[in-house]
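In: Just need the structure, nothing else, for what follows:
(one chain, ligands or ions: 1)
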Amino acid sequence: MTTMELVVTRTTREAEGVRGFDLRRADATPLPVFTAGAHIDLHLPNGLTRQYSLLNDPRERHRYCLGISLPADSRGGSRYLHEHVKAGDRLTAGQPRSLFAIDAAAAEHVFIAGGIGITPFMSMIRWCEAHGQRWRLLYCVRSRARAAFLWDLAAYHERVLLYVDEDAGEGHPDLRGFLSDAPAASHVYCCGPAPQMQAVAAAAAGLGIDAGAVHFERFSAGQLAPTDGGDRPFDIVLQRHGGHFTVPPGATILETLERNGLSMPFSCREGLCRACEVPMLAGKADHRDSVLSQAERNAHTSIMPCISRAVSGELVLDI
Ligand code: FES
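Out: Now for the predicted structure:
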């Protein structure tokens, strides 16, 4: 995967526990184009690779802006960026990639963000504003102190509905009400913690919104329950390379391939980035990633070998 070296030109405090990073090329040459909702991989000096959404205007070519929160359970990526990275440091980044794209044909874009899930919507909102597209945002946060980018969002007045947990006590945001205000042919986009995404999926289904018009961005692994494949061993057949291997309990397809001398592309190794996707020619996968759509899951034509397993006894891979 092509990488580039970027310089941290500025860091900011965007909210309690949220740091902003402004990244540019040292020679000021234009950066690769990105689309609204896209992210980049950061390959950190501590050996971790993490994905972060780009939040600036996609028309900008001179910088990438990130907003990174420090959760209590940080697995090392965000913690490193918060505690060790300062202006002037250099970071290695992958090319921008889009797994959370906006559908320009939608009558209205209905955005629902939870906490740091606001970041992809910052570039989407800027894109909507530049293209005259209709949008609304429901932004759910634990407290005002932890709500990043409120200053930028204040410019949009009534199109932004802020829901603050600590003000609402035991209440919940009225997702059904927010979604039902959207005209027909609207699209819904949600990025936030797993319970919120499940609630949005349920509310959208309850209102009869087509599943193809509801989009999710997951920013941590383990948010989808595995299907019925369990942790049983299964076989993989490599159609083009040739070879037949057993994937044992506790090991992934990717690890099994690596142990047998095959080097495969990967990035997150958590089912979040799609970098390792492999076409499947036969068999039924136990999809455990967070990136395939329901239609793609049902089709069983590709698999994320870093995390997914098999329901059938054998998978034939186009490798
Ligand atoms: S390496 Fe990211 S989905 Fe497999």
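In: So, low pLDDT: which residues of this protein?
Out: Judged by pLDDT under 70, the chain has its weakly predicted residues at 1, 75, 219-229.
In: What parts of it come near the ligand?
Out: Within the chain, the positions adjacent to the ligand are 266-269, 271-276, 289, 304, 306 by Cβ under 6 Å from any ligand atom. No exception for glycine: its C-beta is placed from N, CA and C like everyone else's.
In: most surrounded residue in the residues you listed?
Out: Neighbour counts for the residues of the chain next to the ligand (other Cβ atoms under 10 Å) peak at residue 304, which has 28 neighbours.
In: helices or strands next to the longest strand along the chain in the packing?
Out: Using DSSP state E to define each element, the chain has its longest strand at strand 3-15. Other elements packing on strand 3-15 under the criterion 3 or more Cβ pairs under 8 Å, 6 or more residues apart in numbering; DSSP states H and E are strand 18-24, strand 90-94.
In: Quickly list what residue 314 is bridged to.
Out: residue 235 (DSSP bridges).
In: how about the longest strand of the chain: buried residues?
Out: Using 16 or more other Cβ atoms under 10 Å as the burial criterion, the residues of strand 3-15 that qualify are 6, 7, 8, 11, 14, 15.
In: give me every residue that touches the third one.
Out: Contacts were defined as Cβ atoms under 8 Å, 6 or more residues apart in numbering; by that measure residue 8 touches 21, 22, 23, 85, 86, 87, 88, 89, 90, 91.
In: ok, now how distant is the nearest residue in space to it that is not next to it in sequence from residue 34?
Out: Once flanking residues are discounted, residue 8 sits nearest to residue 89: 4.8 Å by Cβ to Cβ, 6 or more residues apart in numbering. As for residue 89, its distance to residue 34 is 22 Å (criterion: Cβ to Cβ, to the nearest Å).
In: can you check residue 206 too?
Out: Separation of residue 206 from residue 34 (Cβ to Cβ): 34 Å.
In: Tally up the residues packed near whichever residue of the stretch 51-200 of the chain sits closest to the ligand, please.
Out: Nearest residue of the stretch 51-200 of the chain to the ligand (Cβ to the nearest ligand atom) works out as residue 51 at 8.3 Å. The number of residues packed near residue 51 is 20, by other Cβ under 10 Å.
In: try residue 137
Out: When neighbours are counted by other Cβ under 10 Å, residue 137 registers 23.
In: cool, and residue 86?
Out: Using other Cβ under 10 Å, residue 86 has 8 neighbouring residues.
In: thinking it is in contact with residue 12, fair?
Out: No - here residue 86 does not reach residue 12: they are 11.9 Å apart, not a contact under Cβ atoms under 8 Å.
In: quick one: contacts for residue 232?
Out: 249, 309.
In: Report the secondary structure state of it.
Out: Secondary structure for residue 232, judged by DSSP: H, G, I helix; E, B strand; the rest coil, is coil.
In: which residues in the protein form helices?
Out: Using DSSP state H, the helices of the chain run over 77-84, 119-130, 150-153, 165-168, 175-180, 194-206, 253-259, 294-299.
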